[in-house]
Structures are given as structure tokens and as C-alpha cells.
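# predicted model follows, preceded by the sequence.
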Amino acid sequence: MISRKKKIILIQITIFLVASTLLYNTYRDKNKKTKEVKIEVKNNPKTNNFSDIEYTGFDLRGNKYVLQAGEADFKTVSPELINMKEVVANFYLEDETILTIISDEGIYNNMTSDMKFIENVKATYLTNTLLSDQLNYSNSNAKLIASGNVRGESIEKGRFIADNVEYSLTNKTLDFSMFDDKQINVKVKN
């Protein structure tokens, strides 16, 4: 019985010494001055950045699209709007053709699947090429609207220059317009 009491006392003394050492080490440097460290945040904490992204989906007409970007970011207050750089979009249409759109920048709304292509926009479809400053794809309206320095060329049909071109994906029609009194320049091949 005596050896059992000795073991209990030894364990209690060990626990007391460990606890005393921990308390001493915790509070011994309390009176020393602390060094202030300043941390600079390079990125906005309200913005999320990522690279090499790819979005795939289907538009309201059942056409598949693949949207890729080298860099992208979104603000936490509006995460549905993705700001992109180095943008490439491919639309795989129901007639098994592909519409490709390339631009320096873009905005993708991941809720509505609407897309805005900005700066050095180039759209190619079969033998047709369209160049513009901006191109908007409206999923709900089934329209592509190109604006600013719009130039187009078709190997079969000729060339055009306009301020604004609207293409209806459902009717497959083009509407040309100018913002002032200038005339639309269209050269049609026979």
C-alpha cells in the first residue's frame, strides 16, 4: 500500500512541475516589447483571382459552348460576373459547325450565360470573319451584337463596315446600323 501512495505522490509532483514549467514559459516574456510587423496585401481581399479557367455549358437553344481564359477574377459581392483576360470561346452549333470568338478581355455571367467580349474581338464562322471592339452574346435573346469598328468579310458574300451589327441566332439574320449619318459600306460578291 505504501508503494501505491508513493506512486501517486510522484505522479502529482510530476504534473505539478510540468504545469509550473508551462505557466512560467507562457508568461515569462510578458514584459518584453513586441516587434510590430506590417503586412501588405497585394491583392484586393474582396476579389478572387485564378488562372487557366474553362467553363462549359449549353445555351437556351441546346448549343454547347466552351469558354476559356488565361486569367480571371470576380468580386465577392458579385461572384456571378467573371472578369477574364485572354478569352477564347467556341460555340458548337446544332448544324455541327463551330463559331469561335477570341478577345483580349471578357465578362462572363455564370448565372445567365451571357458573355461580353472586349478589345480586339475576332469571331470566325465557316468562311466568315468579324472584327470589332466589343461583341455581346445574349443567351436569353439569342443575339450576338458587335459594336465599335465592326468589319466583316465573307469569302462567298463580300465585305462590310458598320458601327453596329446584330446577328439573330434564331432567325439567322444580320442587321447593320451606323451611329451617325454615315452610310454602311457593303461590298457584295456576285
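Good, I have the coordinates.

# poorly predicted segments of this protein, please.
Flagging of the chain using pLDDT under 70 yields the residue ranges 1, 26-45, 179-190.

# contact partners for the residue nearest to the spatial centre of the chain?
Centroid check for the chain by Cα atoms, centre = their mean gives Ile82 as the closest residue, at 3.4 Å. Listed by Cβ atoms under 8 Å, 6 or more residues apart in numbering, the contact partners of Ile82 are 53, 55, 69, 72-74, 107-110. The way it works is simple: take the backbone N, C-alpha and C, and place the C-beta from them, glycine included.

# then Asn171?
Asn171 makes contact with no residue under the criterion Cβ under 8 Å, 6+ apart.

# just confirm it is within a strand.
No. Assessed with DSSP: H, G, I helix; E, B strand; the rest coil, Asn171 is coil; it does not lie in a strand.

# need phi/psi at it.
When quoted as degrees, to the nearest 10, the phi and psi of Asn171 stand at phi -90, psi -20.

# now Ile11
phi -60, psi -40.

# tell me the secondary structure of Gln134, please.
strand.

# spit out the contact partners of it.
Remark: with contacts taken as Cβ under 8 Å, 6+ apart, Gln134 is in contact with 116-119, 121, 146-148.

# rerun that using 10 Å as the cut-off
With contacts defined as Cβ atoms under 10 Å, 6 or more residues apart in numbering, Gln134 is in contact with 103, 105-106, 116-119, 121, 145-150.

# and it, bridged to which residues?
Beta-bridge pairing of Gln134 under DSSP bridges involves Ile118, Ser147.

# state the distance from it to Ala69.
Gln134 sits 16 Å away from Ala69 when distances are taken as Cβ to Cβ, to the nearest Å.

# what's in contact with the helix or strand harbouring Gly57?
Take DSSP states H and E as the rule and Gly57 turns out to sit in strand 47-58. Under the criterion Cβ under 10 Å, 6+ apart, residues 43, 63-77, 79, 82-90, 92, 108, 110, 113, 115, 139 lie in contact with strand 47-58.

# hmm, which of these are the buried ones?
If you count burial by 16 or more other Cβ atoms under 10 Å, the buried members of the contacts of strand 47-58 come out as 63, 65, 67-69, 72-74, 82-89, 108, 113, 115, 139.

# buried stuff in the strand holding Gly57?
By 16+ other Cβ under 10 Å, the buried positions in strand 47-58 come out as Tyr55.

# please apply the same query to stretch 155-174.
In stretch 155-174, residues buried by neighbour count (16+ other Cβ under 10 Å) are 160-167, 169.
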